[in-house]
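J.: Predicted structure and sequence below. I'll ask about it afterward.
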Amino acid sequence: MKGDSTDRCKVVAPNAFAYNPMRLNIGSIARNTADRRVMVSPDYVVFHTDPERLLPNYLDHVRHSGLWRSYVGVTGDGSVRVRIYYDQLSRFQLPLPPLPEQKKIAAILTAVDDKLGVISRQIEATQALRQGLMQTLFSRGVDNQDAANWPVVLLQDVAEVRTGVAKGKKGLKDPVELPYLRVANVQDGHIVLTEVKTIEVEASQVERYALRRGDVLMTEGGDFNKLGRGDVWEAQISPCLHQNHVFAVRPDPSKLNSYYLAALAASDYGRQYFLSCAKRTTNLASINSSQLKSFPVLLPPLDEQARIADIVAAANARIEILGTKKAHYQTLKRGLMQKLLTGEWRVKLDSPTGSA
């Protein structure tokens, strides 16, 4: 077929680079790390470094630096589709230490990348394990008993669904400024409090929008995989409000365990329900409070709920530990790149005798 022709495709040799001139600003560039040639679309620009002056793997790290992002950000032509052709890219100036130093810098940064790769794979494996555990727990219970006999009730019958405060209200009477949680703060299985913003609300409305310990926070929408995600609020900040894109579900503790509900909502069972009734666009989905209130809750006895919640919590804790570890190495890498790729830090090179 004519459409299958490769006559116009470009060949990328090992260690050569290929990039899309129309998408370089969003990172559409890669080095061929394979030991064989590959082909790319004729729309791509292909280039290689002078190996006597610039090592490919050193440049590979430079292109992830702030220096590169800054240059690409101010150099391109256009607005939505930013064009950066090679005559513009070739004028990029970068610190160029001797080849042995380039090699060692690249080795240091690659070692950190390798560590990040290991941690990312551990997170993915633990997330898959958690999903598998939840699939089993919500279908067979902790002791491999058939969960088909568990009663199913609407969420509104065992919990109160509370909507949050909207931004941008004008003419507030007796306003107070308080911290509040946004969608960005509510992750799958944990709450992120590294950046908590504030919002003005009328003093008389604080109790209406204030979170309580044990509230289950769920997002209204976003990407398909974020629908219904959330975690249990443990009053890390008090008082603290929540915005209107984050639901606060307040279970009746005599009927429903908060941690069990968070796990059930995040399971395949929960996500299938939310996706079945969500309003969808091309890449996004959202649910409203009525749909959330109608969520069919599998309701085993409270002691069984607690046991299931504990098992899922252990997996969540492992994921959170790994996430913290990953964030540490990401911060370390950013610092190393800033120091090493600007020449602020120079690396010591081993001499033939082993001395520095």
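T.: Thanks, I have the structure now. Residues are numbered from 1 along each chain as shown.

J.: Val118: how many residues sit nearby?
T.: 14 (other C-beta atoms under 10 Å). Backbone N, C-alpha and C define where each C-beta goes, glycine included.

J.: Wasn't it part of a strand?
T.: No: using DSSP: H, G, I helix; E, B strand; the rest coil, the assignment for Val118 is helix, not a strand.

J.: where does it land on pLDDT?
T.: pLDDT, Val118: 97.

J.: ditto for the one 5 residues further on
T.: For Ile123, the pLDDT comes out at 95.

J.: That one is in what secondary structure piece?
T.: When elements are assigned from DSSP states H and E, Ile123 belongs to helix 99-140.

J.: which helices and strands sit right next to that helix?
T.: helix 56-62, helix 258-266, helix 268-277, helix 302-340 (3 or more C-beta pairs under 8 Å, 6 or more residues apart in numbering; DSSP states H and E).

J.: Ser120 is nearest to which of those?
T.: helix 302-340 (6.7 Å; C-beta to C-beta).

J.: centre of the chain versus the closest one, how much separation?
T.: The gap between where helix 302-340 is centred and where its chain is centred comes out at 12 Å by C-alpha atoms, centre = their mean, to the nearest Å.

J.: And it, what's buried?
T.: Residues of helix 302-340 classed as buried: 304-305, 307-309, 311-313, 315-316, 318-320, 322-323, 325-326, 333, 336-337, 340 (neighbour count, 16 or more other C-beta atoms under 10 Å).

J.: ditto for stretch 40-54
T.: Val40, Tyr44, Val45, Val46, His48, Thr49.

J.: residues contacting the third one?
T.: The one in question is Val45. Val45 is in contact with Ala18, Tyr19, Asn20, Pro21, Tyr85, Tyr86, Leu89, counting by C-beta atoms under 8 Å, 6 or more residues apart in numbering.

J.: Point out the ones among those that are inside helices.
T.: Using DSSP state H, Tyr86, Leu89 are the members of the contacts of Val45 that sit in helices.

J.: Can you turn the buried part of the contacts of Val45 into a ChimeraX selection?
T.: For the buried members of those, the matching ChimeraX selection, counting by 16+ other C-beta under 10 Å, is:
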select :18,19,20,21,89
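
J.: could I get the contacts of Val45 as CSV with distance to Cys9?
T.: Formatted as CSV, the contacts of Val45 follow (distance: C-beta to C-beta, whole Å):
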residue, distance to Cys9
Ala18, 11
Tyr19, 15
Asn20, 14
Pro21, 16
Tyr85, 19
Tyr86, 18
Leu89, 21
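
J.: Which two among the contacts of Val45 are spaced furthest apart?
T.: Ala18 and Tyr85 (13.8 Å).

J.: elements contacting the helix or strand that contains Tyr71?
T.: Tyr71 belongs to helix 66-75 when assigned by DSSP H and E. If contacts are counted by 3+ C-beta pairs under 8 Å, 6+ apart, helix 66-75 sits against helix 86-89.

J.: quick one, phi/psi of Val232?
T.: phi -90, psi 130 (degrees, to the nearest 10).

J.: so how many other residues sit close to it?
T.: 23.

J.: Show me the beta-bridge partners of it.
T.: Val216 (DSSP bridges).

J.: Confirm for me that it is in contact with Arg212.
T.: No: with contact defined as C-beta atoms under 8 Å, Val232 does not reach Arg212; the gap is 10.8 Å.

J.: Show the low-confidence segments of this structure, by residue range.
T.: Along the chain, the parts satisfying pLDDT under 70 run over 1-6, 78-81, 222-226, 282, 351-356.

J.: ok now stretch 51-67, how far from the chain's centre?
T.: Averaging C-alpha positions (C-alpha atoms, centre = their mean) puts stretch 51-67 26 Å from its chain's average.

J.: what's the answer for stretch 110-123, then?
T.: 15 Å.

J.: Flag every buried residue along it.
T.: In stretch 110-123, residues buried by neighbour count (16+ other C-beta under 10 Å) are Val112, Lys115, Leu116, Ile119, Gln122, Ile123.

J.: would JSON lines of the residues you listed with distance to Thr281 be doable?
T.: Shown next, in JSON lines, are the buried residues of stretch 110-123 (distance: C-beta to C-beta, whole Å):
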{"residue": "Val112", "distance to Thr281": "38"}
{"residue": "Lys115", "distance to Thr281": "38"}
{"residue": "Leu116", "distance to Thr281": "33"}
{"residue": "Ile119", "distance to Thr281": "33"}
{"residue": "Gln122", "distance to Thr281": "33"}
{"residue": "Ile123", "distance to Thr281": "28"}
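
J.: Relative to Phe274, which of the residues you listed is nearest.
T.: Among the buried residues of stretch 110-123, and counting by C-beta to C-beta, the member closest to Phe274 is Ile123, at 23.0 Å.
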